[in-house]
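K.L.:
Give me coordinates for this.
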Amino acid sequence: MNKILIILTAIVVVIVIAFFVLGVMSKTGHAPGLKQGKLQACTSIENCVFSEIIDGVDNNIQPFAFNGDKAVFLTQLKTSVESMGGKIVNIEDDYIAATFTSGIFGFVDDLELRVSDDNLLHFRSASRVGKSDLGANKKRVEALKLLLQGTAK
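P.N.:
Modelled structure (predicted):
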C-alpha cells in the first residue's frame, strides 16, 4: 500500500511540475497578428476560436455586429477587454491584441480583435501551449460579446 501511495504522489508531483513548466513556456511568444489584413486561422481547433471564416468547423465563432462610430467602439472594446482582466499588448488602427493569464499555473492566452469596415468585430482567441483549453477561449469571447452588448448601445 505504501508503494502505491508513493507512486501516486510522484505522478501528481510530476503532473503539477509539468503544468508549471507549460505555464512558464506560455509566457514567451506573441499573438500571430494580421495576415493580408485578416486574423490568422487557428492552428488547433481544441484550444482556439476564430471568426474570420465561418466554415462549420467546431472552433468557429460568430463575429459581433455593432452600430455607430468605429473609433468610439474601439475605445469601448479596449476598456471592455481590460475590465475582463486582459492586458493590451498591441493596438494598430482596427486591430487589438491582448493577453489573458490564468490564475494557478499562469497559462497565457492571446486574444486578437479586428474591427472591419462593415462594423463587424472579428475574434481569434487561442492558448499558446497545451492541446485543450477546456473551452476557456470560447467562454472569454462570449463573455466579451455580452459585455459589449451592454456598452455598444
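K.L.:
residues in contact with the residue nearest to D94 when sequence neighbours are not counted?
P.N.:
What sits nearest to D94 in space, not counting adjacent residues and going by CB to CB, 6 or more residues apart in numbering, is V115, at 4.3 Å. (Each C-beta comes from the backbone N, C-alpha and C, glycine too.) When contacts are counted by CB atoms under 8 Å, 6 or more residues apart in numbering, V115 touches K70, F73, L74, L77, D94, Y95, L121, H122.
K.L.:
Could you report the neighbour count for V108?
P.N.:
V108 has 20 neighbouring residues, counting by other CB atoms under 10 Å.
K.L.:
likewise the one 4 residues further on?
P.N.:
By other CB under 10 Å, the residues close to E112 number 22.
K.L.:
how close does it get to Q40?
P.N.:
In this structure, E112 and Q40 are 8 Å apart, going by CB to CB, to the nearest Å.
K.L.:
Identify all residues paired with the spatially most central residue of the chain through a beta bridge.
P.N.:
Computing the C-alpha centroid of the chain and ranking residues by CA atoms, centre = their mean puts S125 first, at 2.9 Å. Beta-bridge pairing of S125 under DSSP bridges involves V49, L111.
K.L.:
Can you get me a residue count around Q40?
P.N.:
Residues contacting Q40 under the criterion other CB under 10 Å number 16.
K.L.:
Go ahead and confirm it touches L34.
P.N.:
Yes - contact criterion CB atoms under 8 Å: Q40 and L34 qualify, at 7.4 Å.
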